[in-house]
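>>> With the sequence up front, the predicted model follows.
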Amino acid sequence: MAKSEVSATGDNASPSSSRPWQSYHTVYTNAKAGMEGVDKEKVQRIVYEMSKGSKYFENEERKEGYMKQKIENMRVQCLKLTKPDISHYQELAEKRILELEATRDLSRIWIHVDMDAFYAAVETLSNPSLQGKPMAVGTLSMLSTANYEARKFGVRAAMPGFIARKLCPELIFVPTDFKKYNHYSGLTRKIFQKYDPNFLATSLDEAYLDITRICKERGVTGAELKSSEKVFTMRLASHVVQEWLQIAYSLSFRCVFQIGGIGKVTENILKDVFGITTCEEMLQKSSFLCALFSRSSADFFLCVGLGLGGTDTPETKMRKSMSNERTFSATGDETLLYKKLEELAEMLSAEMEQEGLCGRTLTLKLKTASFEVRTRALTLPNYISSSEDILKHASKLLKAEFPVSLRLMGLRISQFMEENVGPSDPTQRTLSKFIVQGDASGKNADECLPLGSDVSDNAFTHDTHTDFPTNSGETISWDLRAPTDNQQISDPNDRCCIYSEELEKCPEPQNDELEINVCKSNEEGIPFSGQLEGISLDKPKSGAYDKTGSCSDHKDLVLWLDDYKCSLCGTELPPSFVEERQEHSDFHLAERLQDEESKDHHRWPTLKQRSVQNSDTQNRGRQRKKKKLCPTPTKCTPIDSFFVKTSQNF
DNA sequence: ACCGCAGTAAAAA
DNA sequence: GTATTTTTTTACTGCGGT
């Protein structure tokens, strides 16, 4: 290892030089939007000095070593290619390029919405005193995002808080509060939905919208949209994804914009093995790419070169795995580790039951005290979901690892029982069989029904968030007034944010105004690229929804305990969340009305409606299994708690 | 040759 | 003074069974 350290280091970085920090690269030393004037050298030096000598640092060096080795191997492979080899691959590449080119579809217009420093913006919204001060969301260990004031100091997402504090001593730390982000994310999605009911949300602050229809309706072409620098009448924009054309060719990956799917390692490989730094060069070196990479990887690179990607309509995909993991101070204490494993198993089981999932592959993830990551997996003949089953098998996996000192453990479950799997899989029980037999391993028969997928289909993934570099976005302002006759339920579970139209008929609320700037053409990216432009949340004008609002009659329905907690359901909403409180109150009112109304019937139709609406909203024309409508009374979850996730504490 | 499984790694937000 | 997350997906590799 020591050998590769000396020999493999390139010309631009020599570890023994007087500026050792120049060779230490992390994701968070790269510039992000709002970091243009930052003294990069200084940031790098501080990051290096804070990291140097730590276990983490050592591991990073180790990884760096592997990467250098990999690059070296590929170089050798490249050199071994003979003339005939190269012309063979050249031919192959050209053929493939034509095939890929043929898939180009310019008939659809997409925009990609990415909100600037979303968590930070939300936090500022709920605590206006943060305005104008350097602030970061996260902990001393890790930051989720930083506002623009903080970015001026080089502080950014994915940076450990203690380093951030060194860079900016007055930095204010705000802990993450996903309840809040989910809520606001829900509000944005409500708007997205009006432009594309099938929009694809990729995280709380990012979404892809197919605006072809709406553009047609309003007589706007993609080219106009793309070249337009004026505020677009659609009131909603960030990026026209499909028609990006030649502009991107000359841009380099990392600096000017980033291509989604090309991270630190791939970037280095492309640069050091092939000398590729731009999209254009992807095509020039296509023969080498085809020679050294698999079909799927080569295709990906060629698509990048061609500016292709993401033409397929985003289909909401079924979740494939579910996991949880926790970091703790490293220990080799077996009893302690088993204890932690038990907690993980219980947490995981609870989440699985919430979504009605059963899986048969269990993976134990470990991170040793030296940051080495290991996984140990086990595939069972039958499906499990109970914490007892999970723990039983997980313990077995853990046991084999002792003695070991760990700083992290995690559990993942995968290979879920599917609803429409063919009889080809012998280990697969069919749904009908299942319904007839019930489930021997589960505690109740409901547990393994795929009914949860209605609610949980992860169009909106449960996510943690770091917002990675964006080009500087233009600020848009908006007024996120909640329509008074609409019901917006805070949805911490991030599963179903838009279901306003089911109880009341309010097809098109007119009063949520979102002002948009179309991004300039040189900020074009490609569909699978990451974020390109930001939208920032401004504080809604106070008084937009004030005491004189239409729902004020019922304002007293909800009391705010300690000026924070809802007296009826315990939902927490700070005083500054005026509109949300109003909505929340409205929600309880609606609930009460519903309740009264349904005394003659039963409460289920409402819940059913919700899940149907839910799946309609989130699934593009997919035929979904209807939820079974014969729950026991105890299964009659109150509507709000149905959507509330309770396992936030750890 | 193909499949399922286990393990590692990269990437994204 | 300490301290570098969490969740999900995808791809590739290697192994053993059929």
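Happy to help now that I have it.
>>> What residue in chain A comes nearest to DNA strand B?
Among the residues of chain A, residue A:263 lies closest to DNA strand B, at 2.2 Å counting by CB to the nearest atom of the strand. All C-beta spots, glycine's among them, are computed from the backbone N, C-alpha and C.
>>> Could you give the number of residues near that residue?
By the measure other CB atoms under 10 Å, the count of residues near residue A:263 is 12.
>>> cool, and the one 5 residues further on?
By other CB under 10 Å, 17 other residues sit near residue A:268.
>>> Confirm that it lies within a helix, as I assumed.
Yes. Applying DSSP: H, G, I helix; E, B strand; the rest coil, one finds residue A:268 inside a helix.
>>> how near is it to residue A:289?
Using CB to CB, to the nearest Å, we find residue A:268 at a distance of 15 Å from residue A:289.
>>> go on, residue A:39?
Residue A:39 is 36 Å from residue A:289, by CB to CB.
>>> ditto for residue A:189
Taking CB to CB, one finds residue A:189 at 38 Å from residue A:289.
>>> same thing with residue A:260?
18 Å.
>>> Neighbour count for those two, which is higher?
Taking other CB under 10 Å, residue A:260 and residue A:289 do not tie; residue A:289 has more neighbours (26 against 17).
>>> Tell me where the stretch 251-400 of chain A has strands.
A:321-331, A:359-368, A:373-384 (DSSP state E, counting those that start in this stretch).
>>> Mean neighbour count and distance to residue A:75 for the ones you listed - can I get that in JSON lines?
Shown next, in JSON lines, are the strands of the stretch 251-400 of chain A (neighbours: other CB atoms under 10 Å; distance: least, CB to CB, whole Å):
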{"stretch": "strand A:321-331", "mean neighbour count": "14", "distance to residue A:75": "35"}
{"stretch": "strand A:359-368", "mean neighbour count": "20", "distance to residue A:75": "31"}
{"stretch": "strand A:373-384", "mean neighbour count": "14", "distance to residue A:75": "27"}
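>>> Which one of these lies nearest to residue A:66?
strand A:373-384 (12.7 Å; CB to CB).
>>> hmm, back to that, for the strands of the stretch 251-400 of chain A, give me CSV that also has distance to residue A:154 and mean pLDDT.
CSV is the format used below for the strands of the stretch 251-400 of chain A (distance: least, CB to CB, whole Å; pLDDT from 0 to 100):
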stretch, distance to residue A:154, mean pLDDT
strand A:321-331, 24, 98
strand A:359-368, 27, 98
strand A:373-384, 28, 98
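>>> what's the closest of these to DNA strand C?
strand A:321-331 (3.3 Å).
>>> close to DNA strand C, is the closest one?
Yes. Using CB under 7 Å from any atom of the strand, strand A:321-331 reaches DNA strand C at A:321, A:322, A:323, A:324, A:325, A:326, A:327.
>>> in the stretch 51-200 of chain A, which spans are helices?
Secondary structure of the stretch 51-200 of chain A by DSSP state H, counting those that start in this stretch: the helices cover A:55-80, A:83-101, A:118-126, A:148-151, A:161-167, A:178-195.
>>> Could I get the buried residue list for the first one?
With burial defined by 16 or more other CB atoms under 10 Å, the residues of helix A:55-80 counted as buried are A:57, A:59, A:60, A:64, A:65, A:67, A:68, A:71, A:74.
>>> Now render those as TSV, adding pLDDT.
Supplementary listing: the buried residues of helix A:55-80 in TSV, determined by pLDDT from 0 to 100:
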residue	pLDDT
A:57	97
A:59	97
A:60	96
A:64	95
A:65	95
A:67	96
A:68	96
A:71	97
A:74	96
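>>> restrict these to those near DNA strand B?
With CB under 7 Å from any atom of the strand as the criterion, those include residue A:67 near DNA strand B.
>>> nearest to residue A:34, of the buried residues of helix A:55-80?
Distances from residue A:34 to the buried residues of helix A:55-80, taken by CB to CB, are shortest for residue A:60, at 25.6 Å.
>>> correct me, but that closest one touches residue A:28?
No. Between residue A:60 and residue A:28 there is no contact under CB atoms under 8 Å: 12.0 Å.
>>> related to what we said a few turns ago, make a markdown table from the helices of the stretch 51-200 of chain A and add distance to residue A:560 to it.
Shown next, in a markdown table, are the helices of the stretch 51-200 of chain A (distance: least, CB to CB, whole Å):
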| stretch | distance to residue A:560 |
| --- | --- |
| helix A:55-80 | 43 |
| helix A:83-101 | 57 |
| helix A:118-126 | 14 |
| helix A:148-151 | 31 |
| helix A:161-167 | 31 |
| helix A:178-195 | 15 |
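>>> Can I get these in CSV including distance to DNA strand C?
Putting the helices of the stretch 51-200 of chain A into CSV (distance: least, CB to the nearest atom of the strand, whole Å) gives the following:
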stretch, distance to DNA strand C
helix A:55-80, 4
helix A:83-101, 14
helix A:118-126, 12
helix A:148-151, 17
helix A:161-167, 4
helix A:178-195, 10
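>>> out of those, nearest to residue A:210?
Residue A:210 lies closest, by CB to CB, to one member of the helices of the stretch 51-200 of chain A: helix A:178-195, at 8.6 Å.
>>> Flag every buried residue along that closest one.
A:178-195.
>>> Can you give the strand pairings for the following helix or strand past it, parallel or anti for each?
Per DSSP states H and E, the first helix or strand lying C-terminal to helix A:178-195 is strand A:200-203. Here strand A:200-203 is paired, per DSSP bridges, with strand A:206-210 (antiparallel).
>>> Could you check the partner strand against DNA strand C for contacts?
No. Strand A:206-210 stays out of contact with DNA strand C when judged by CB under 7 Å from any atom of the strand, the minimum separation being 13.6 Å.
>>> any idea of the mean pLDDT in that strand?
Mean pLDDT, strand A:206-210: 89.
>>> orientation of it relative to helix A:118-126 in degrees?
With axes from the mean of the first three to the mean of the last three CA atoms, to 10 degrees applied, the angle from strand A:206-210 to helix A:118-126 works out at 100 degrees.
>>> could you list every residue that touches residue A:332?
A:403, A:404, A:405, A:406 (CB atoms under 8 Å, 6 or more residues apart in numbering).
>>> go again using 6 Å as the cut-off
Taking CB atoms under 6 Å, 6 or more residues apart in numbering as the criterion, residue A:332 is in contact with residue A:405.
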